[in-house]
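*Asks:* Have a look at this prediction, sequence included:
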Amino acid sequence: MLNLHQLESQWLKYKLKSFLPYFIILISLSIIIIVISSFNFEEKPKTIELKKELPSINQKDVNTSIDDNSNMTPSIEKKPLIIQDLKDTQVNTSKNLINTQKIEEDIKSIEQKLEKDKLVIKPSLDFIRNMQDNSPHYYNSYIAPKVAPEPTKKIIQTIQTPKIEEIVLDTHVEEVKKQEIKIKRQNTQDDIQHVIKRFKESNNPALSLFIAKKYYELKNYNQSYNYALITNQINNDIEESWVIFAKSLYQLDQKEKAIEILDKYISSSHSHRAEMLLENIKSGKIK
Amino acid sequence: MNSSIFENSKNVFLDTVNARDYIQLDRVSTIYQSLKDSVNKPLKMILLYGKPGTGKSMFLTKLYNDLSTTKTVHLYQTPILDDIEFFKRLAHDLLDVKYQGELNFTQFMKIIDEHSIDDIPIVLLDEAQLYSSSLMEKIRLLSDTRKMKFVITLHKTEKEDLIAKEHFQTRIWETIELENASASELKIYIQKKLMKANCFDSANMFHSKSVNLIYKITNGNYRDTNKLLYTLFDIYHNYMENNPSKIDTNKVSNKIIEMAALHTGLLHA
């Protein structure tokens, strides 16, 4: 005779046991979800802060009534509100017997101001420059280092930033355009000095190679030779450095030495670029 | 539904080897036919093997029942483990020789040589894995005389596989493997078995879902299925007598299947 009661309790125990893994999976999954979602909540405010940082630079200069909470775009949205307010005041003033013509002029001037404000609230690209300064890719392109602000640059900034001194701005725009080439030249020199300073701090061969290349571009072959030599001493496996080294030697009228160095380098590295340079040097094609 | 239906259904699944309980399934019928054909071939030995509960003993019993009317067939369901007793039984059953005293293999071979046998007898040996390896070797030598034919069944375990390899690999000309039923075969098996005993109501209670659960528990093993269903109907019978409101007689409850499996030890709480 079967004991059904005992069998039923045994079955209940079995069922609970069989569902246990699912319970564990469910609980662990919910824990994972909670943990992930809590991480997301923590991260979100950070991104907002970062976003806020960008316009904050210009917001200081902006002479408008934009709230701290608003981003750059809402400023445009606010424009009709201000106008509306002003229009309301216009109605009120008429009631108070104030000259409406004067108010209209005021509105126009404010609208003009706001139009200019729209231009001003464009995101500043200063942060990109900052990022580029910190990036390690020195080979790719020349990056403007932090240069002490010059008067001409200040003028550019004043154009970007909103100020009511429109008359002054207009007169300086042309001056800025004329001086642009000069600024670049000054920058290259300054850059090299800056990079040299950084190289002395870090002893990074990428920096010394950059300096060598810049000096070569500036036709300062003695310096380009020196820095290429320094680069090779730090890391003798940089092809470009050997090329600059040989080219500098060639430019310093040491063609034979340049050929000898390239020969040695080619024998050890089989560099195709060095081979081409060697051919060019031998045939005198190099400028 | 009457509680006696469950009582009758329960008895259907009693674990007995009876040729009348043989259930014809497509695959099983094909295998059985190939076994019958092999018996008619001039083979010395036929090996029937498979896991316990796959129906080897049932096959052998069915074969004995079918062939006994036309051929000389001797079925030994219980192994005769003593060599002397084994040869004495064979001499008595096959050659009608009542040997007094001890009969060893040499003496038995001499008796076989002395007797001319027209109709080669078929010896069916069940549970052959229980025979000693020396006796198995002697059986092999007996089959080589072509004076008798052996059909033996073996459990398919690692050890028995070894026996099969060592003793019969070169001698056996026919090996037939029996396997567990598939889920669909199991459904047919259960329903046919119940309908054969006129338990139509209980046969209708088995839907694919419940059979699938049974298959999951028993892995299609006929012996385990019989054991499980015997307990299942016992539980139904008990509920019917004590608490009939707790059961649904239209279909087999998964709960009762699991309860039966727990009781038989096929599932563990």
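*Replies:* Thanks, I have the structure now.

*Asks:* Quick check: buried residues in stretch B:212-226?
*Replies:* Residues B:213, B:214, B:215, B:217, B:218, B:220, B:221, B:222, B:223, B:224, B:225, B:226 are the ones in stretch B:212-226 that count as buried (16 or more other C-beta atoms under 10 Å in any protein chain shown). The way it works is simple: take the backbone N, C-alpha and C, and place the C-beta from them, glycine included.

*Asks:* I meant stretch B:17-37, not that one.
*Replies:* So, applying 16+ other C-beta under 10 Å, buried residues of stretch B:17-37: B:17, B:21, B:22, B:23, B:25, B:28, B:31, B:32, B:35.

*Asks:* got it, and stretch A:3-10?
*Replies:* Here stretch A:3-10 shows A:4, A:7, A:8, A:10 as buried, counting by 16+ other C-beta under 10 Å.

*Asks:* Provide the contact partners of it at residue level.
*Replies:* B:235, B:238, B:239, B:242, B:243, B:259, B:262, B:263, B:269 (C-beta atoms under 8 Å, 6 or more residues apart in numbering or on different chains).

*Asks:* which ones among those are found in strands?
*Replies:* Counting by DSSP state E, the contacts of stretch A:3-10 place none of their members in strands.

*Asks:* Now a ChimeraX select for only the buried ones of those.
*Replies:* Buried subset of the contacts of stretch A:3-10, written as a ChimeraX selection, criterion 16+ other C-beta under 10 Å:
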select /B:235,238,239,259,262,263
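
*Asks:* Stretch B:89-104: how far from the chain's middle?
*Replies:* Relative to its chain's centre, stretch B:89-104 lies at 28 Å (C-alpha atoms, centre = their mean, to the nearest Å).

*Asks:* how about that stretch: buried residues?
*Replies:* Neighbour-count burial for stretch B:89-104 flags B:90, B:91, B:94, B:95, B:97, B:103 (criterion: 16+ other C-beta under 10 Å).

*Asks:* still on that earlier bit, which single one of the buried residues of stretch B:17-37 is nearest to residue A:274?
*Replies:* residue B:31 (79.3 Å; C-beta to C-beta).

*Asks:* would you list every one of the helices in the stretch 1-150 of chain B?
*Replies:* Remark: helices assigned in the stretch 1-150 of chain B by DSSP state H, counting those that start in this stretch are B:3-12, B:26-40, B:56-67, B:83-95, B:105-114, B:133-144.

*Asks:* Can you tell me which of the ones you listed is most buried?
*Replies:* Highest mean neighbour count among the helices of the stretch 1-150 of chain B (mean count of other C-beta atoms under 10 Å in any protein chain shown): helix B:56-67, with a mean of 21.

*Asks:* Any stretches of the stretch 1-150 of chain A with poor pLDDT?
*Replies:* Regions of the stretch 1-150 of chain A meeting the criterion pLDDT under 70 cover residues A:1, A:43-103, A:113-150.

*Asks:* what residues does it put near chain B?
*Replies:* Residues of the stretch 1-150 of chain A lying close to chain B (C-beta under 8 Å from any C-beta of the partner chain) are A:1, A:2, A:4, A:7, A:8, A:10, A:11, A:13, A:14, A:15, A:17.

*Asks:* mind putting those in TSV, secondary structure included?
*Replies:* Output for those, formatted as TSV (DSSP: H, G, I helix; E, B strand; the rest coil):
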residue	secondary structure
A:1	coil
A:2	coil
A:4	helix
A:7	helix
A:8	helix
A:10	helix
A:11	helix
A:13	helix
A:14	helix
A:15	helix
A:17	helix
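
*Asks:* Okay, now the unreliable bits of chain B?
*Replies:* In chain B, residues with pLDDT under 70: B:1, B:3, B:157-173.

*Asks:* Okay, the residue nearest the centre of it and chain A: tell me how far apart.
*Replies:* Note on chain B: the residue nearest the mean C-alpha position is residue B:57, at 2.1 Å, using C-alpha atoms, centre = their mean. Separation of residue B:57 from chain A (C-beta to the nearest C-beta, to the nearest Å): 28 Å.

*Asks:* if I pick that residue, what's in contact with it?
*Replies:* By C-beta under 8 Å, 6+ apart, the residues touching residue B:57 are B:17, B:77, B:126, B:127, B:153.

*Asks:* do that again at 10 Å, thanks
*Replies:* Neighbouring residues of residue B:57 by C-beta atoms under 10 Å, 6 or more residues apart in numbering or on different chains: B:17, B:48, B:75, B:77, B:126, B:127, B:153, B:223.
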